[in-house]
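Enquirer: below are the sequence and a predicted model for it; my questions follow.
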Amino acid sequence: MSDQDEKPSAPPPHGRILRVAVAAPLLGLFDYLPSQAADAEPVPGQRLLVPFGRSNRVGILVEIAETSLEDPSRLKHVESVLDEVPLFQTTDLDLIQWAAAYYRQPLGTALFTALPARLRRPASFADDSVPGIRATPEGHTLDLGSLTRAPKQRALLAVLRDRPNGLTLSALGARLGDCSACARALEGKGLIERCRLKAMPQPVQTPSSAGHALNPDQRKAVEAIAESFGAFRPFLLQGVTGSGKTEVYIRLIQTLVASGRQALVLVPEIGLTPQLRDRFQQRIPGPIAVLHSSLSAGERERNWHRAARGEATLVLGTRSAVFVPMPRLGLILVDEEHDASLKQQEGFRYSGRDLAVRRAQLIGCPIVLGSATPSLESLHNATTGRYGWLRLPQRAGGARAPTISLLDIRDQPLRAGLSPVLRDAMQTELAAGNQILLFLNRRGYAPLYTCHHCGWVGDCPHCDARLTLHLGQQRLWCHHCGWSRRLPQRCPNCDGEDLRMIGRGTERLEEELRELFPQASLARIDRDSTRRQGELNRLLEAIRRGEIQILLGTQMLAKGHDFPLVTLVGILDLDQALYASDFRAPERTAQLIIQVAGRAGRADRPGRVVLQTRHPEHPLLQSLLSDGYSGFAAAALEERRGAELPPFAHLVLLRAEAPLADQPTAFLREARDLAERSDPDEIHLLGPAPAPMERRANRYRAQLMVLSRDRPSLQRFLARWNQGLHGLRHPKGLRWSLDVDPQDMF
Ligand code: ADP
Ligand code: ZN
Ligand code: ZN
C-alpha cells in the first residue's frame, strides 16, 4: 500500500508502475513493476500473478501510473501475466470501481466478485465441452412401447430422440430431475451413449416461433424503448402479470441483436431461468449465455467467456451477471425488479438492479426495469419523471385479471387452516376439474413444539428463535442457523409425554389436505420439497400438464412461474406480515399477494383469489383491494414521505456482531462518536440498537442506522467514516459491515 509519509520517488528506469487490485479485503491498490520476463506490456483488465506476502496471488491490473509513492527499491516485479487479452474493458472496470466506491468495498473484493470463481485462481481456461448423452442408432429405432414397464427410461429416451446431437447432463437434469439411474440402465441396454457436447448450442438460425402481434400498449412500450437505443434512458415497465412484458423484452432484443449488439437480462432467481431461457431460445437468434450460481464452475466460466468475447447475443443471469463484460452491450432488462434477491445480502452488498442502471448510464444504452409490482423506489423515480413510465394495465391475449376478495376468518371453524367458505370453493373447483393453489408462507410441519404440562418450548440454543418441527425427518430445525436435534419423545424439562405441535407449516398442510381431499393429487413446493436437483422442474411440469389438482407452497410459488390452469388461489395466513417491524414489510406483503394472485388463470379460465385474514379492516388490505397495487403504492409512498424513509431519504446500516452481548453495541457507540466528531451535514444517526433477532448462531448483533436526504452528502460522509471505522479498535471476533441501501433491516 502506498505510504503517504515518503517522498514520491523518480519513476523506475525501465518503465511503468502497475497498480493492481488483489483478492484481499484491503482498501487500496498495490504497486508493482512489470514482469521481468514479459515481452508485451500488460493493459488494465488483465490478470497478473503477483508476489504478495509470502506467496503469489492473482491480481487484476487496474491502472498504469508513472510514479509510485513507494520506495522503488521495495517494489516487486509481477511474476507473470495470466491472460492474453484483458478480461475487463475500461467501462467494465469503471462500473466495478464505481460499485466499490458506492458500497464502500475494497476494489479487490468487488473485482473478484465480478469474476467466475475459477478465474480468481491462476487457473487456465476450462475445456470447452461438457459431458452429455445421446441416443444410439438402436435407441433411435427401438419401439418405445417395449419400455412401458420402465416409464422413466422411456421418457428419457423419448427426450433424447428429439435431440439427435444429444443433451448435456445438466440440461437433462433440469428437464427430468435426477435420472442418473435410468441413464445407466439405458446405457447398459446399448440404447444411449456418453458424449462430449459444446456447452453452448449452435446459434439458432431460424427462431422456431413467431410470437404474437403486439397489442397497442405493448407496441407503445417497444417503440418508446427502441427509440432510445444508443443512449442512456431508464424505463419502468409496469405491467400486470401476464400483460406481455416478456413479449416486449423479446421484441426489443430481436431488434437489438439484428443490429449486431448484445442484450443483458437480469432475473432475481434461478428458478425463473429455465422457462424464460426456453422462451428466449425459441425467439432470439444466436447463442444465449445463462449465468447463475447453480451452474458448475466450468459452465459458469465458459458462459462468462462467451459473453465477454461477444459471442453470446443474450446473457440471462442473476444479480452478479450485471458485472459480466459484454463488448457490444446495447440493452439491459431487469425482470421482477422489485425482488429483494437482486440485492446481495452478504459480503459485497450490492444491488444488481441499481448497478444495472449505473451500467446503462456508463455505456449509454436504455435500461428497462420490469415488474407487476414495482418497488416503491422505482415507482417514485417514474412518478417524478426520472424514469420513463410505461404501463401494460391489461392481460395480453384477452385473459382476465383475477378478482381478489377478503375472507374474514374470525370465529370461523377452521379445518387445515381453511375456512368453510374456502373449503366449499375448493370442492366446487375440484369437481369442475380445475387446479387450486394454496399459499402458506411457512415451511416445516409446525412452528412450535411445546410441552403441554410444563410449558417447555423447543428453542434454538444458538439463536433467539424457536425451532421448527419437521415431522418427516423427525427433527426440530432452526431456520436461522441450521442447528437441529432429534424430535424428543418426552419433554426435556419435565419428562412429560404430552408434547404438542402448535401452528401449521406447509408440511402439515399437505398432510391435512390429503385427509380433507383424499381423491385430489397434491404437489407441495417449498425449499424442503424441492431440495433435490431438478425436483422443482419436475413438479412444475406435472402442474403444467394438469396432473396436479392442488398445489400448495411458500413464496416460491410467487416467483415467476405461471399456473394457467389454476382457477382458485387461497392465501392462508399473511396476518403476521401485516404487523412486522421492518418498514418494508407492507410493501413486500402487497407484492406477495399480487404476485401470487397473478399466477392464476388465463383467457377461458379467469382466476379467483381468496385472502383469509383476521384483520379485514387493515388499511393495507383495504387499499390493495379497492385500488390495486398502484393505489396501495401511492398510499405507501405518502407514508414513507411522512416518515422520511426511502425513497425520500437514503439509508445505510452499520451492522456489528460479536460473541459477547455488549460488544457490538459498544463498538457501534464508538462508531457513532466517530461519526459525530466528523460533524456531518445532513446526516441523521439512529441507534445503536440490538438487531430484531439479537442472537443468531451464537453471535450477538446490533446495528446503527444512518439516514440522509442528500445522496452526495451521504457519500462524502461515508468515505470519511469508512476510513475511520477501519481504524477503530475492536475486540477479537467482532465483525462489522456497511450496507448501503439495505433491503432487510436485521
Ligand atoms: P408477463 O411477462 O407480463 O407475465 P408474458 O409476456 O409472459 O407476460 O405474456 C403472458 C401470456 O400472454 C403469454 O402466454 C404470451 O404468449 C401471451 N401474450 C403476450 N403478448 C400477447 C399478445 N400481444 N397477444 C396475444 N397473446 C399475448
Ligand atoms: Zn414439560
Ligand atoms: Zn439457531
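Expert: Alright, I've got the coordinates. Numbers count the residues shown, from 1 in each chain. Ligands and ions are numbered 1, 2, ... in the order given.
Enquirer: next one: stretch 638-646 to chain centre, how far?
Expert: 26 Å (CA atoms, centre = their mean, to the nearest Å).
Enquirer: what does it contact?
Expert: 376-377, 583, 647-648, 651, 707, 709, 741 (CB atoms under 8 Å, 6 or more residues apart in numbering). (Each C-beta comes from the backbone N, C-alpha and C, glycine too.)
Enquirer: in TSV: those, plus neighbour count.
Expert: Converted to TSV, the contacts of stretch 638-646 look like this (neighbours: other CB atoms under 10 Å):
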residue	neighbour count
Leu376	24
Glu377	20
Phe583	15
Pro647	18
Phe648	15
Leu651	19
Leu707	18
Arg709	13
Asp741	18
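Enquirer: restricted to strands, list these.
Expert: Counting by DSSP state E, those place 651, 707 in strands.
Enquirer: which among the contacts of stretch 638-646 gets closest to Gln105?
Expert: Asp741 (13.4 Å; CB to CB).
Enquirer: who's in contact with the closest one?
Expert: Applying CB under 8 Å, 6+ apart, the residues near Asp741 are 343, 351, 354, 646, 650-652.
Enquirer: if we go to 7 Å?
Expert: 351, 354, 651 (CB atoms under 7 Å, 6 or more residues apart in numbering).
Enquirer: next SSE downstream of the helix or strand bottoming out on mean pLDDT in the chain?
Expert: Sorting the helices and strands of the chain by mean pLDDT, DSSP states H and E puts strand 192-198 at the bottom, at a mean of 72. Proceeding N to C from strand 192-198, the next assigned helix or strand is helix 216-227, under DSSP states H and E.
Enquirer: name whatever forms a beta bridge with Thr613.
Expert: Asp408 (DSSP bridges).
Enquirer: and the gap between it and ligand 1?
Expert: 27 Å (CB to the nearest ligand atom, to the nearest Å).
Enquirer: how many neighbours does Arg415 have?
Expert: Neighbour count of Arg415, defined by other CB atoms under 10 Å: 14.
Enquirer: kindly report the same for Ala356.
Expert: Residues near Ala356, counting by other CB under 10 Å: 26.
Enquirer: how about Ala432?
Expert: 10.
Enquirer: distance check, it against ligand 3.
Expert: 45 Å (CB to the ion, to the nearest Å).
Enquirer: spatially nearest residue to that residue (excluding sequence neighbours)?
Expert: Thr567 (7.8 Å; CB to CB, 6 or more residues apart in numbering).
Enquirer: what do you get for Glu547?
Expert: Ser521 (6.4 Å).
Enquirer: residues contacting that neighbour?
Expert: Contacts of Ser521 (CB under 7 Å, 6+ apart): 547-549.
Enquirer: show me which of the residues you listed are buried.
Expert: Burial by neighbour count, 16 or more other CB atoms under 10 Å: within the contacts of Ser521 this picks out 548-549.
Enquirer: next step: the contacts of Ser521 restricted to helices.
Expert: Using DSSP state H, no member of those falls in helices.
Enquirer: which of the contacts of Ser521 lies closest to ligand 3?
Expert: Among those, Ile548 lies closest to ligand 3 (CB to the ion), at 33.7 Å.
Enquirer: quick check, pLDDT for the nearest residue to that closest one once chain neighbours are set aside.
Expert: Nearest residue to Ile548, sequence neighbours excluded (CB to CB, 6+ apart): Ala523, at 4.4 Å. Ala523 carries a pLDDT value of 95.
Enquirer: what count of nearby residues applies to Ala523?
Expert: 20.
Enquirer: with Gly370 instead?
Expert: For Gly370, using other CB under 10 Å, the count is 26.
Enquirer: one more: Glu70?
Expert: Using other CB under 10 Å, Glu70 has 17 other residues around it.
Enquirer: look up how far ligand 3 lies from it.
Expert: Where ligand 3 is concerned, Glu70 sits at a distance of 47 Å (CB to the ion).
Enquirer: how about Ser68?
Expert: Taking CB to the ion, one finds Ser68 at 49 Å from ligand 3.
Enquirer: for Pro131, same thing?
Expert: 39 Å.
Enquirer: just the ones of the contacts of stretch 638-646 in helices?
Expert: 376-377.
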